[in-house]
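Chemist: Structure for this input, please:
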Amino acid sequence: MLIDTNYMVSITEANQNFSRVARMADRAGAVVTLKNNAPRYVLLEFSKLEQKLPADSEELSEISRRIMEANSEAYTELSK
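Modeler: Next up is the predicted model:
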């Protein structure tokens, strides 16, 4: 994951200036907060979170089935 250092703030700064940090997240999509100079948390716009959530198990089963069908020859060869 590439992190733009312009969108990294300390937890203290985020606590004291949350509205400014939230505006940064609006512009950049996410802001990384640091604790003891190490990335600790991410402030992420909710709509971006929904896009990144894993698929439900039914969708995963369908994706797995399609991958297996598309690569059945390779799986057969590997199983020998």
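
Chemist: In this structure, what residue spans correspond to helices?
Modeler: With DSSP state H applied, the chain shows helices at 11-16, 18-28, 46-52, 57-70, 72-78, listed in chain order.

Chemist: out of those, which comes closest to I3?
Modeler: Proximity to I3, assessed across the helices of the chain by Cβ to Cβ, is greatest for helix 18-28 (10.0 Å). To be clear about C-beta, it is placed using only N, CA and C from the backbone, and glycine gets the same treatment.

Chemist: could you measure D4 against Y41, distance?
Modeler: The spacing between D4 and Y41, counted by Cβ to Cβ, to the nearest Å, is 16 Å.

Chemist: Same question for Y75.
Modeler: For Y75, the distance to Y41 - Cβ to Cβ - is 40 Å.

Chemist: now swap in I11 and tell me
Modeler: 7 Å.

Chemist: between these two, what contacts are shared?
Modeler: T33, K35 (Cβ atoms under 8 Å, 6 or more residues apart in numbering).

Chemist: circling back to that earlier point, quick one: closest of the helices of the chain to N36.
Modeler: Judging the helices of the chain by Cβ to Cβ, what sits closest to N36 is helix 11-16, at 9.2 Å.
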